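Novice: sharing a model that was predicted from the sequence below.
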Amino acid sequence: MNKWLTVCPTKDLPDGSCKTVDSGMKVIAVFNSGGELHAIDDFCPHMGAALSGGHVEDGMVTCPWHAWRFRLCDGAWADNPKIRIGSYAVRENHGIIEVNLPDSPSP
Ligand code: FES
């Protein structure tokens, strides 16, 4: 079943900032970019840097280690959009930012 995971109060994620939340399976980075909220895996597939420490500009986050860039809206790698990291729905619910965790695959 889908699950909404609490990230933080809305006031704690101002424009240009990022928060991380641990789902228990992975860490997710939640960005406020120009007032839009986005959530992607906090893991660069190149060598594993935390994307939450990257620079955000024009709807992209740049990895802090070797500058690979990922779209915040869908996790696509800018140089080859066929490669994507996980991206997640985000909502604001009564002053709290929440991330939607997808259903777990059936065993
Ligand atoms: S670890 Fe992200 S670009 Fe190398």
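Specialist: Noted; the coordinates are in hand.

Novice: which stretches in the protein count as strands?
Specialist: For the chain, the strands defined by DSSP state E occupy 3-9, 18-22, 27-33, 36-41, 55-57, 60-62, 69-71, 76-77, 80-84, 87-88, 90-93, 96-101.

Novice: which residue is the nearest non-sequential neighbour of residue 21?
Specialist: Among residues not flanking residue 21 along the chain, residue 7 sits closest, at 4.8 Å (Cβ to Cβ, 6 or more residues apart in numbering). Every C-beta, even on glycine, is put in place using the N, C-alpha and C of the backbone.

Novice: and the one you found, how close does it get to residue 42?
Specialist: 12 Å (Cβ to Cβ, to the nearest Å).

Novice: from residue 92, how far off is residue 98?
Specialist: Computed as Cβ to Cβ, the residue 98 to residue 92 distance reads 8 Å.
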